[in-house]
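> missing the sequence, but the structure's below:
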């Protein structure tokens, strides 16, 4: 199984593990599966850290290091991911979340998210 982690899921895995659902914990600890973090999440962390909306010591650079140190695979943004965004229903306004949904659909991944708006899309989610 391949999982794509929503940005908040990654952050909670690093700092607030108790906020994760039992299903999310199981997905993250499944050694037979691949847990991925999109570069979109790195971009989101960089923007929010630079505007003061997110405190992550070391900013996006440290975020990437922490992602890799925890065994998550960094997933690049590719043109099919971006192009898929165009055909998504406009359920969610957040461009990062829309890109994550599109990426999960294109890559046939399960999206690990607590976001109820994301779960309204026809994407396979875990929470």
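Yes, it's here. Nothing here was measured: the structure is a model prediction, and the numbers come from that model.
> got the residue ranges for the helices in the protein?
7-15, 22-29, 39-51, 59-69, 79-85, 95-107 (DSSP state H).
> of those, which is nearest residue 126?
When the helices of the chain are compared by Cβ to Cβ, helix 22-29 sits nearest residue 126, at 5.1 Å. To be clear about C-beta, it is placed using only N, CA and C from the backbone, and glycine gets the same treatment.
> tell me which residues touch the closest residue to residue 62 other than its chain neighbours, please.
Closest residue to residue 62 apart from its sequence neighbours, by Cβ to Cβ, 6 or more residues apart in numbering: residue 56 at 6.5 Å. By Cβ atoms under 8 Å, 6 or more residues apart in numbering, the contact set of residue 56 is 11, 45, 49, 62-63.
> are any of those buried, and which?
Applying 16 or more other Cβ atoms under 10 Å to the contacts of residue 56, the neighbour count classes 11, 45, 49, 63 as buried.
> now these as JSON lines including pLDDT?
Converted to JSON lines, the buried ones among the contacts of residue 56 look like this (pLDDT from 0 to 100):
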{"residue": "11", "pLDDT": "96"}
{"residue": "45", "pLDDT": "97"}
{"residue": "49", "pLDDT": "95"}
{"residue": "63", "pLDDT": "97"}
